[in-house]
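# The following block contains a protein sequence and its predicted model.
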Amino acid sequence: MPERFDVVVAGAGPAGAQCARDVAARGYDVVVLETEPEAEFPRQSNKSTGGTFPSMMASFNVPDEVVMNFTDNVVIESPNDYFVQHNPGAVLDFGAFKRFLVEDSREKGAEYWFDARVSKPIIEDGEVVGVRFNGSEEVYADVVVDATGPAAPLAKALDVCDLDRNNQAIGIEYEFEGVAIDHDEYADLHDAMMLRLDHEYAPGGYSWIFHTGEDTAKVGLCYIRNDSYQRYSEVDRTIDGYLDHWLETDPRFEDATRIEGRQHRGSAHIQPPASLSTDNFMAVGDTVPTIDPLWGEGIHKGMKSGRAAAITIDNCFSRSEPDTSAEALSTYDDLWHEDVAPRMNSRLRMTHLLYLAPNDRYDRLLADLNRLDHDTLTRANDGDLRAITKLLHLRDLPVLARFLNQYYRSGSA
Ligand SMILES: Cc1cc2nc3c(=O)[nH]c(=O)nc-3n(C[C@H](O)[C@H](O)[C@H](O)COP(=O)(O)OP(=O)(O)OC[C@H]3O[C@@H](n4cnc5c(N)ncnc54)[C@H](O)[C@@H]3O)c2cc1C
């Protein structure tokens, strides 16, 4: 007989593991099915730089042991300028962080089945009642949560998400030692997370250096495969080729060497969610997708979505007549739009606009960032149109025209 749980979660990433952690803490039976083997976990799914902020660490009780380096500043670079903002953060060891989430949710009562690749939902009388994994194996539950990141086998089968290849951002990163963290020609990157806007190294995206201690750093880049990427890319250069090009031409990497076995790569979709839930089913994290489109902050967002799903589950189970219908689970949709990823559409618009701008515009943007007050910048980052207008110039009209053209053609406006 297949086993039965209150909740089945597919995927032990930050979103799924956090959902299981909260569901188990409320006393429900929950099992997480993870495709990777436990002995090597996380292997391919060890994909993230792990840059995060104190609000995430405090809200989710994440211990300092999984932090590689506490940072003081966020630095934004353009080809010829930089902007430094004091903003405390933490660079996680993403693998250790994922293992902590598993361990902690197990202590709260969650079960984990590793080596369990989820393939599709089990549907009875038109409703999801469980999942199939490893070919023909089955497990049943009142609520099923897809937290498999961009793989999304359940959400796709149920038409809850429509992840579009044209909106896919791809990322790659290596950890290095021997990096010149405080090079004369650049900002001092000691205890900093640096993001660089420069199409030469990341066409239609950005590259980064996150300091992890002494002369070590995480160095990577990501870009969206969209019109901007087409416009600024070198036709025959792969993402690895772009990283090599940066490593070869930036003097900060002259004496840098790769640290064996420390590479991370993956993808996420930069688009609004089609929907988030249906009868007996919710999708969380990058499956939806929940990641912040502008700077790729997906860990905190994903965990918040896992928590919103757990709150909804508790709400549905604790009614006098437990109800996991689409209508009851739509509380999750409300929480997602209000608390997890508010203003998603305006942040998407800012993202498209930012990555359509040419390199010389990035220099001007940084000059403006250095000129404007903190309050205006915070509001602009939150998508406030009046604050964003302060960052626009007359010479931006061609970029704006291209943006509007692309936006209306894609039907996103
Ligand atoms: C190169 C790179 C750098 C990044 N840097 C940052 C950063 O600095 N800060 C930040 O906040 N975010 C960053 N992100 C984004 C962040 O890592 C993701 O948004 C976050 O990991 C999403 O969490 P998730 O739980 O939704 O999905 P995932 O992390 O993708 O986890 C999904 C889990 O499901 C498992 N799985 C997949 N398919 C199946 C299946 N069929 N059956 C069972 N299990 C399955 C996977 O093995 C994995 O464990 C980065 C991403 C990349 C690619």
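Now that the structure is in, tell me what you want to look at.
# what about residue 72, how many residues close to it?
14 (other C-beta atoms under 10 Å). To be clear about C-beta, it is placed using only N, CA and C from the backbone, and glycine gets the same treatment.
# How about the contacts made by it?
Residues near residue 72 by C-beta atoms under 8 Å, 6 or more residues apart in numbering: 86, 87, 88, 191, 192.
# That one in helix, strand or coil?
Taken by DSSP: H, G, I helix; E, B strand; the rest coil, the conformation at residue 72 corresponds to strand.
# most surrounded residue in the contacts of residue 72?
Counting neighbours by other C-beta under 10 Å, the top entry in the contacts of residue 72 is residue 192, with 24 neighbours.
# so what's that residue closest to, chain neighbours aside?
residue 73 (4.4 Å; C-beta to C-beta, 6 or more residues apart in numbering).
# helices and strands of this protein: which one has the lowest mean pLDDT?
Least confident helix or strand of the chain, by mean pLDDT, DSSP states H and E, is helix 397-410 with a mean of 56.
# quick check: mean pLDDT across stretch 38-46?
If you average the pLDDT over stretch 38-46, you get 96.
# Just the endpoints, please. Distance across that stretch?
End-to-end distance for stretch 38-46: 13 Å, by C-alpha to C-alpha, to the nearest Å.
# give me every residue that touches the spatially most central residue of the chain.
In the chain, the centroid-proximal residue (C-alpha atoms, centre = their mean) is residue 298; its distance is 2.3 Å. Residue 298 makes contacts with 14, 48, 268, 285, 286, 289, 290, 291, 292, as judged by C-beta under 8 Å, 6+ apart.
# A helix includes the third one, no?
Right, residue 268. No: looking at residue 268 with three-state DSSP, it is strand, so not inside a helix.
# give me every residue that touches it.
So residue 268 contacts 149, 150, 168, 169, 171, 286, 289, 291, 296, 298 (C-beta under 8 Å, 6+ apart).
# how about 7 Å then?
Each residue near residue 268 by C-beta atoms under 7 Å, 6 or more residues apart in numbering is listed here: 150, 169, 286, 289, 291, 298.
# isn't the fourth one right up against residue 274?
Read that as residue 289. No: contact status for residue 289 versus residue 274: not in contact, 10.3 Å apart, counting by C-beta atoms under 7 Å.
# Could you list the contact residues of the stretch 51-200 of the chain toward the ligand?
51, 52, 117, 118, 147, 148, 149, 151, 153, 171, 173 (C-beta under 6 Å from any ligand atom).
# The last one: what secondary structure?
Using three-state DSSP, the secondary structure recorded for residue 173 is strand.
# Run a quick neighbour tally on it.
Counted by other C-beta under 10 Å, the residues lying close to residue 173 total 23.
# That one and residue 269: what is the separation?
For residue 173, the distance to residue 269 equals 19 Å [C-beta to C-beta, to the nearest Å].
# And the second one, by the same measure?
Between residue 52 and residue 269 the distance, using C-beta to C-beta, works out to 20 Å.
# which residues touch residue 289?
With contacts defined as C-beta under 7 Å, 6+ apart, residue 289 is in contact with 268, 269, 271, 273.
# is it possible to export the residues you listed to CSV including pLDDT?
CSV is the format used below for these (pLDDT from 0 to 100):
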residue, pLDDT
268, 92
269, 90
271, 87
273, 89
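# okay if I get these as JSON lines plus distance to residue 254?
As requested, the contacts of residue 289 are arranged in JSON lines below (distance: C-beta to C-beta, whole Å):
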{"residue": "268", "distance to residue 254": "32"}
{"residue": "269", "distance to residue 254": "36"}
{"residue": "271", "distance to residue 254": "39"}
{"residue": "273", "distance to residue 254": "44"}
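# Which ones among those also lie next to the ligand?
By C-beta under 6 Å from any ligand atom, the members of the contacts of residue 289 lying near the ligand are residue 268.
# Of the contacts of residue 289, just say which sits nearest to the ligand.
Nearest to the ligand among these: residue 268, at 5.4 Å, using C-beta to the nearest ligand atom.
# For that closest one, name its beta-bridge partners.
Note on residue 268: beta-bridge partners by DSSP bridges are residue 169.
# Show me which positions of stretch 270-280 end up buried.
By neighbour count on 16 or more other C-beta atoms under 10 Å, the buried set for stretch 270-280 is 270, 271, 273, 275, 276, 277, 278, 279, 280.
# quick one, what contacts the residue located most distally from the centre of the chain?
In the chain, the greatest distance from the average C-alpha position (C-alpha atoms, centre = their mean) is reached by residue 1, at 37.5 Å. Applying C-beta under 7 Å, 6+ apart to residue 1 gives no contacts.
# For residue 252, see how far away it is.
60 Å.
# cool, residue 280 as well?
Taking C-beta to C-beta, one finds residue 280 at 51 Å from residue 252.
# Among the contacts of residue 268, name the ones in helices.
Among these, no member is found in helices (DSSP state H).
# any idea which of the residues you listed is closest to the ligand?
Distance to the ligand, by C-beta to the nearest ligand atom, is smallest for residue 298 among these, at 1.7 Å.
# Report the buried members of the contacts of residue 298.
Among those, the ones that count as buried by 16+ other C-beta under 10 Å are 14, 48, 268, 285, 286, 289, 290, 291, 292.
# Narrow those residues to those in strands?
Taking DSSP state E, the ones among these that sit in strands are residue 268.
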